[in-house]
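Enquirer: Give the three-dimensional model of this entry:
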Amino acid sequence: MSDSDIVEILLVEDNPEDAEIALRALHKNHLANHIVHVSDGREALDFVESRLERPGATPPRLILLDIKLPRIDGLEVLRRLKGGAATKTIPVVMLTSSSEESDLVKSYQLGANSYLVKPVDFDKFSESMREVGMYWLLLNKLPGS
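Expert: Now for the predicted structure:
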């Protein structure tokens with residue numbers, strides 16, 4: 001299996017500043033060597049589906065998913081991922097600026113593994129990314145791992 005067949009984290013984030021903070025924090029803490037960033041829901045679904053069709057490629061070990069996305073919103077992406085036999089066990093952390101109770105409830109109803117409201121403070125957001133990466137990539141045990 002080559003390095004291009006391994007993706008540890010798929011970051012689905014349309015805000016370039018938030019994406020940069022998340023990527024920087026994950027790399028700085030050496031939590032993931034292979035992170036792919038896409039900026040809308042259609043790109044996220046295309047990426048995951050194309051990996052499932054390619055021999056030897058594996059789905060991401062973790063998806064960090066914003067709710068408010070262009071083209072296909074994060075809740076619809078989550079619904080499709082958790083409804084698919086090959087993708088339902090991929091941990092999905094909703095990483096969003098929405099603190100609306102309805103978004104939180106809907107996310108968990110659709111199968112989200114966690115819901116994290118992005119802190120507005122740079123240092124707190126960086127620390128949140130470190131903690132998310134530590135838990136989901138190092139501590140959490142997934143089927144087949």
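Enquirer: so where's the chain uncertain?
Expert: 1-7, 144-145 (pLDDT under 70).
Enquirer: Show me where it has its strands.
Expert: Under the criterion DSSP state E, the chain carries strands at the ranges 9-12, 35-38, 62-65, 92-96, 114-117.
Enquirer: As PDB, could you dump the C-alpha coordinates of the first one?
Expert: By that I understand strand 9-12. Provided in PDB are the C-alpha atoms of strand 9-12 (Å, rounded to 0.1, in the frame of the first residue of the first chain):
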ATOM      1  CA  ILE A   9      -8.100  12.700   8.100                       C
ATOM      2  CA  LEU A  10     -10.500  14.200   5.600                       C
ATOM      3  CA  LEU A  11     -11.100  17.800   6.600                       C
ATOM      4  CA  VAL A  12     -14.300  19.200   5.000                       C
END
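Enquirer: Give the burial count for Val105, as a bare number.
Expert: Close neighbours of Val105, defined as other CB atoms under 10 Å, add up to 11. Backbone N, C-alpha and C define where each C-beta goes, glycine included.
Enquirer: what's the answer for Asp66, then?
Expert: Applying other CB under 10 Å, I find that Asp66 has 25 neighbouring residues.
Enquirer: residue contacts, it?
Expert: Counting by CB atoms under 8 Å, 6 or more residues apart in numbering, Asp66 makes contact with Val12, Glu13, Asp14, Asn15, Asp18, Gly74, Met94, Leu95, Thr96.
Enquirer: Kindly give a single ChimeraX line that selects the buried subset of these.
Expert: Buried subset of the contacts of Asp66, written as a ChimeraX selection, criterion 16 or more other CB atoms under 10 Å:
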select :12,13,14,18,74,94,95,96
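Enquirer: Let me have the contacts of Asp66 in a markdown table, extended by distance to Arg61.
Expert: Listed next are the contacts of Asp66 as a markdown table, based on distance: CB to CB, whole Å:
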| residue | distance to Arg61 |
| --- | --- |
| Val12 | 14 |
| Glu13 | 17 |
| Asp14 | 22 |
| Asn15 | 23 |
| Asp18 | 21 |
| Gly74 | 19 |
| Met94 | 17 |
| Leu95 | 15 |
| Thr96 | 20 |
